[in-house]
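Asker: Got a predicted model here, sequence first, then my questions.
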Amino acid sequence: MGRPSKFTEDQFLDAALRLVSAGGPDAATVAAVAEALGAPVGSVYHRFDSRDLLLAKLWLRTVRRFQSGFLQALASEDLDEAALGAALHVNVWARGHLDEARALLLYRREDLAGRWPAELGDEVATVNAAVFDALRDYASRRYGSADPELVQRVTFAVLDVPYAAGRRHLLAGEAPPALVDDLVAVTCRCVLADLD
């Protein structure tokens with residue numbers, strides 16, 4: 001029987017996350033992750049077959065963590081509360097999870113892993129499916145139709161606007177200030193209201 005692992009998968013992912021946030025995807029080498037944890041390089045490879053798998057799992061974990069609150073907010077029965085909650089979630093979450101927000105909002109998945117490991121299969125292909133379904137569902141609930149233009153309007157209000165509003169701050173290495181929430185809320189209401 002082998003020795004129990006000294007480090008958990010999340011500890012390796014957290015170390016990679018700190019490296020990516022501080023220095024971009026190229027900073028998260030297997031050797032750097034091992035050094036950040038005080039672990040031998042072999043222990044990283046014992047848990048992840050490749051650097052690509054490590055960074056792909058980091059990206060997937062980060063996406064799932066972000067999406068959880070976003071989807072919960074957008075599912076609210078009160079349509080205005082749902083849209084505002086989802087739109088505000090983007091930068092509220094970023095303030096509470098700065099390293100994760102920087103990794104998620106500043107780097108595309110292709111920036112993190114050059115090759116997406118085959119063992120992740122459908123998980124990578126379908127990771128955003130719940131968000132797309134929720135946006136269509138919200139458009140149907142609000143406007144009575146999931147017409148692509150209406151879904152685009154909803155997407156712009158609850159994802160594109162808050163993403164753009166916070167990205168500049170994340171690029172500067174800082175959390176989006178609370179003022180961003182006020183501006184996002186005003187924009188979200190305006191974009192969604194003119195068809196009501």
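Answerer: Thanks, I have the structure now. Numbering: from 1, shown residues only.
Asker: All the helices of this protein, residue numbers only.
Answerer: 9-23, 30-37, 41-47, 51-74, 79-96, 98-106, 109-112, 121-126, 129-143, 148-155, 161-171, 179-193 (DSSP state H).
Asker: Lowest average pLDDT across these?
Answerer: For these, the bottom mean pLDDT is recorded on helix 109-112, which sits at a mean of 62.
Asker: could I get the helices of the chain as CSV with mean neighbour count?
Answerer: C-beta here means a position set from N, CA and C on the backbone, and glycine is covered the same way. Output for those, formatted as CSV (neighbours: other CB atoms under 10 Å):
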stretch, mean neighbour count
helix 9-23, 19
helix 30-37, 18
helix 41-47, 15
helix 51-74, 20
helix 79-96, 21
helix 98-106, 21
helix 109-112, 16
helix 121-126, 12
helix 129-143, 17
helix 148-155, 17
helix 161-171, 19
helix 179-193, 16
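Asker: I'd say residue 66 and residue 104 touch.
Answerer: Yes - using CB atoms under 8 Å, residue 66 is in contact with residue 104, at 5.9 Å.
Asker: which residue is nearest the middle of this structure?
Answerer: residue 63 (3.6 Å; CA atoms, centre = their mean).
Asker: Which residue lies closest in space to that one, excluding its sequence neighbours?
Answerer: Ranked by CB to CB, 6 or more residues apart in numbering and with sequence neighbours excluded, the top spatial neighbour of residue 63 is residue 127, at 5.4 Å.
Asker: go on, residue 117?
Answerer: In space, residue 117 is closest to residue 53, 4.5 Å off (CB to CB, 6+ apart).
Asker: same check, this time on residue 31
Answerer: Nearest residue to residue 31, sequence neighbours excluded (CB to CB, 6+ apart): residue 41, at 5.7 Å.
Asker: Check residue 82 too.
Answerer: In space, and not counting its chain neighbours, residue 82 is closest to residue 76: 3.9 Å by CB to CB, 6+ apart.
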